[in-house]
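Chemist: Next come a sequence and a model predicted from it.
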Amino acid sequence: MSTSKNFANKVVLITGSSGGIGAGTAVEFARYGAQVVITGRNADNLSEVAKQCAAVSPNGLKPLEVLADVSKDADCKRLIDSTISAFKRLDILVNNAGKGVFCPITDTAILDKYREGMDTNLRSVVYLTHLSVDHLEKTKGNIINISSVAGLKPYRTGFIYCMSKCALDMFTKCLALELGPKGIRVNVINPGAIRTNFTQAMGYTNEQAEALYTTRAVKCPVGRVGESIDIANAILFLASDEASFVTGVHFVSDGGSLHAPS
Ligand code: NDP
C-alpha cells in the first residue's frame, strides 16, 4: 500500500455518500483502511453502500451509517455528534452532498428553490465545518469540499446552483487562511460532468441524462464524461499526507471541458 493511500486509523465522514461521487469515495477510503461514516437520506441506498465498503475494507471495518438531511441543522449536529460518540475523533470531512437546483428567475417558487439550493449546497457546509473544526484541530485533519465547474462559469437558469458553488469555492479559500494555523487544510474540487444520479435527481429521465452525457463527451477534450472514481481519486489525493503543502486550492477535474470551446 502506498503512503498516499494509507488511511488506516483515520475517521472519514463523507456527506452525500448514499450514491454517486460520495458512495464511490466512501468505498475508496474504506479500501485504503479508513473507518468511514456514510450519510444520506435514503436508508436502502446507504445500507447498500455500507456493504460495498465493508467488502473492500482490509480490516473488515463496517461504516457508521447516519440517516440525515444536511439541509436541516439538527441533522448536521446529530451527524457530527454520532461520529464523535462512535470513534472519538474526526480526521477528514468531505462535504459532498449537493443538488442541482435550476430555474428561471421568473419561477414563482423562486425563494423556495433558493432556500433548497443554498441550504443543501452551502449552509450545510458552513455548519458542518463549524461543528468539525475543534475535532479536526486535534487530529490535524483536513476538509475537502465538492463544488462544480458551475462555480467557475455561468449556466443559463443555473444561478442558484452556480452561486451556491461559487460561494463554496470562496468559503474554501477563506477557511484555508483561517484554519491553516490550526493545522487544518481545506481544499475544493470542481468536477465537470460526472455520470451519477445527479441529473436524474434534477428531474431528467435516464434517456435524457444519457443524451446529455453524449453531448458533453463530444465537447470534452478527453472525449468522455467523468465517473465517480475520477473524483474519488482526486479526493483521496487531497486528503492524503502527500498533499500536506496544499490548501485553499481549486482542483478542477473535468477532462479539460472548462476551457474548451462550447
Ligand atoms: P447524486 O445525486 O448521484 O448524489 C447526491 C448525494 O447527495 C446522494 O448521496 C444524496 O443522498 C445526497 N444528498 C442530496 N441532498 C441531500 C440532503 N439534503 N441531505 C443529505 N444528503 C443529500 O449526485 P453526485 O454524486 O453527482 O453529486 C455529488 C456532488 O458533486 C454534489 O455536490 C454535486 O453538486 C457535485 N457535482 C456533480 C457533478 C455531476 O455531473 N454529477 C458535476 C459537478 C459537481 P440521498 O438522496 O440519500 O439524500
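Modeler: Ah, there it is.

Chemist: now the helices for the stretch 51-200 of the chain?
Modeler: Taking DSSP state H, counting those that start in this stretch to define them, one finds helices in the stretch 51-200 of the chain at 73-87, 110-118, 124-139, 159-179, 198-201.

Chemist: What helices and strands are in contact with the helix or strand immediately after the last one in the chain?
Modeler: By that I understand helix 198-201. Where DSSP states H and E defines the elements, the next helix or strand beyond helix 198-201 is helix 206-219. Where contact means 3 or more Cβ pairs under 8 Å, 6 or more residues apart in numbering; DSSP states H and E, helix 206-219 is packed against helix 198-201. For glycine as for every other residue, the C-beta is placed from the backbone atoms N, C-alpha and C.

Chemist: got a list of contacts for the helix it packs on?
Modeler: Applying Cβ atoms under 8 Å, 6 or more residues apart in numbering, the external contacts of helix 198-201 come out as Gly20, Lys99, Gly100, Asn206, Gln208, Ala209, Leu212.

Chemist: got it, and stretch 152-159?
Modeler: Stretch 152-159 has contacts (Cβ under 8 Å, 6+ apart) with 100, 102-105, 150, 161-162, 166, 169, 190, 250, 252, 258.

Chemist: list the buried ones in it?
Modeler: Leu152, Gly158, Phe159 (16 or more other Cβ atoms under 10 Å).

Chemist: now swap in stretch 176-192 and tell me
Modeler: Going by neighbour count (16+ other Cβ under 10 Å), the buried part of stretch 176-192 is Ala176, Leu179, Ile184, Arg185, Val186, Asn187, Val188, Ile189, Asn190, Pro191, Gly192.

Chemist: near the ligand, from those?
Modeler: The overlap between those and the neighbours of the ligand (Cβ under 6 Å from any ligand atom) comes to Pro191.

Chemist: Turn the buried residues of stretch 176-192 into a markdown table, columns for pLDDT.
Modeler: Shown next, in a markdown table, are the buried residues of stretch 176-192 (pLDDT from 0 to 100):
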| residue | pLDDT |
| --- | --- |
| Ala176 | 98 |
| Leu179 | 98 |
| Ile184 | 99 |
| Arg185 | 99 |
| Val186 | 99 |
| Asn187 | 99 |
| Val188 | 98 |
| Ile189 | 98 |
| Asn190 | 98 |
| Pro191 | 98 |
| Gly192 | 98 |
